[in-house]
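> Need coordinates for the following:
(one chain, ligands or ions: 1)
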Amino acid sequence: MNVIEIFSSAQGEGKYIGCRQVFVRLAGCNLNCAYCDTNFSRADFCNVETAAGLMKFSQIKNPTTDEVIGIVKNFCTQVPTHSVSFTGGEPLLSWQFIFDVATALKKVCDVKFFLETNGTLHNELKKVLGVVDIISMDIKFPSVTGKNLFGIHEEFLQTAREKDLYVKAVISQETSTAEFLQAVELVAKISPEILFVIQPVTPFNTVKAAPPIKILNFQALALKILHDVRIIPQTHKFIGNL
Ligand code: SF4
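Numbering: from 1, shown residues only. All right, here's what the predicted structure looks like:
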């Protein structure tokens, strides 16, 4: 377990965009996506916001689970908070920590627990399913990871479907229609009611944005198969918050 950031901000993506959250960022990831813009490297220090939403940080040496619980509880007291987001990296690599923190906070805070995941660690998901309320699962395309993860995503979705679940797919110039449709059909196989979020990529390094017409065409294709398909960009990037 290695927590690298704790702060309070508005969720910038997906179904709960705009909701106030406390973010707990965990180090490490089992994937290496072409568009990844997150520094999730392990570090000796954790950046902790000095007050909820102040966007100023102090550094503390690797906090213990009890210290993290205290910091999150304090932020939730300072600002009424919708949910605590475990993010990364891939937070399920630290499933025991998530379980311990959420179990303790459920006794003292009236918040939901939100998991932002790449949807590849379904055994670890089973271990935290009882304490997590909302799951935001990314579908990772072969053009992004160099791997075909659809079978692994299917196992993950079968486990995650009992929660408040939505799926997010980041679309770039590289995304092919074939892999997009494979993702849509995979979600439909689990349930056509699951919200499918198309997130136009925020250009990064060599990753280029998809033309707007492609994004609209993809939505039209998906709406023939799924009931709820929304185009939602990352808002925190242009608002300038965390
Ligand atoms: S799964 Fe997320 S954190 Fe991991 S490499 Fe991909 S974009 Fe980055």
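> and the helix or strand bottoming out on mean pLDDT in the chain, what does it pack onto?
Within the chain, no helix or strand scores below helix 236-239, which has a mean of 76 by mean pLDDT, DSSP states H and E. Counting contacts by 3 or more Cβ pairs under 8 Å, 6 or more residues apart in numbering; DSSP states H and E, helix 236-239 packs against strand 3-10. C-betas here are computed from N, CA, C, even on glycine.
> The strand it packs on - contacts with which helices or strands?
The contact analysis (3+ Cβ pairs under 8 Å, 6+ apart) places strand 3-10 against strand 20-26, strand 45-49, helix 65-78, helix 236-239.
> give me that answer again for 6 Å
In terms of contacts (3 or more Cβ pairs under 6 Å, 6 or more residues apart in numbering; DSSP states H and E), strand 3-10 is packed against strand 20-26, strand 45-49, helix 65-78.
> For the longest one, buried residues please.
By 16 or more other Cβ atoms under 10 Å, the buried positions in helix 65-78 come out as Glu67, Val68, Ile69, Ile71, Val72, Lys73, Phe75, Cys76.
> tell me the pLDDT at the second one?
Here the pLDDT value assigned to Val68 is 98.
> Could you report the separation of the spatially closest residue to Cys33 that is not a sequence neighbour from Ala160?
Nearest residue to Cys33, sequence neighbours excluded (Cβ to Cβ, 6 or more residues apart in numbering): Val144, at 4.9 Å. Separation of Val144 from Ala160 (Cβ to Cβ, to the nearest Å): 20 Å.
> Also Leu216?
Going from Leu216 to Ala160 by Cβ to Cβ gives 28 Å.
> More neighbours: which of these two?
Ranked by neighbour count (other Cβ atoms under 10 Å), Leu216 and Ala160 place Ala160 first, with 26 against 12.
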